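# dropping the sequence and predicted coords here.
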Amino acid sequence: MISNESDLTDLQLVHQVLDLVPSWTWPVVRKKLSELFTDNMSSVVLTKLTGDPGGFEQAELILNEYYDNDAKNYELIEDSFRILGTTETLYALEGLKLDTIPQTNA
């Protein structure tokens with residue numbers, strides 16, 4: 001039962017994060033979380049993903065491309081909570097200072 005409450009809290013938190021991230025900052029969020037996923041990747045996973053045990057840059061590109069779609073924002077935050085943990089994800093997002101990134105017309 002506690003697990004279900006935890007899952008519910010995590011789902012609510014994912015939605016809260018999605019609501020708080022300005023739409024024009026998602027590319028910055030995707031890049032940062034992709035970097036953190038790669039930094040936390042074992043060499044076995046890194047090799048499976050890239051074919052190279054030192055392919056960190058390639059792994060970041062692969063992950064950034066995978067999540068490069070607004071429809072994947074929910075999955076990105078959910079995956080980040082699972083891979084990095086809730087606290088680390090929130091600290092990473094806070095560190096990006098998303099509210100200071102100006103909106104562009106691009």
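The structure has been received and is ready for your questions.
# show the pLDDT at L63.
You'll see L63 listed with a pLDDT of 96.
# for it, give me its contacts.
34, 37-38 (C-beta atoms under 8 Å, 6 or more residues apart in numbering). (Each C-beta comes from the backbone N, C-alpha and C, glycine too.)
# quickly note the distance from it to D70.
Spatial separation of L63 from D70 under the definition C-beta to C-beta, to the nearest Å is 16 Å.
# list the contacts of the helix or strand hosting Y91.
Take DSSP states H and E as the rule and Y91 turns out to sit in helix 86-95. Contacts with helix 86-95, where a contact means C-beta under 8 Å, 6+ apart, come from 10, 13, 17, 21, 29, 32-33, 36, 77, 80-81, 84.
# related to what we said a few turns ago, go through the contacts of L63 and say which is closest to K97.
Ranked by distance to K97 (C-beta to C-beta), the contacts of L63 are led by S34 at 18.4 Å.
# so what's the closest one closest to, chain neighbours aside?
Across the structure, with C-beta to C-beta, 6 or more residues apart in numbering as the measure, the residue nearest S34 apart from its sequence neighbours is L63 (3.9 Å).
# ditto for T104
Counting by C-beta to C-beta, 6+ apart, T104 lies nearest to W24, which is 6.7 Å off, once chain neighbours are set aside.
# number of nearby residues for the one you found?
Look at W24: counted by other C-beta atoms under 10 Å, it has 14 neighbours.
# so what's the residue lying closest to D79 once chain neighbours are set aside up against?
For D79, ignoring the flanking residues on the chain, the nearest one in space by C-beta to C-beta, 6+ apart is F37 at 7.6 Å. With contact taken as C-beta under 8 Å, 6+ apart, F37 is in contact with 59, 63, 79-80, 83-84.
# and for V45?
Under the criterion of C-beta under 8 Å, 6+ apart, V45 has no neighbours.
# what about I77, distance to P27?
To P27, I77 is 15 Å away according to C-beta to C-beta.
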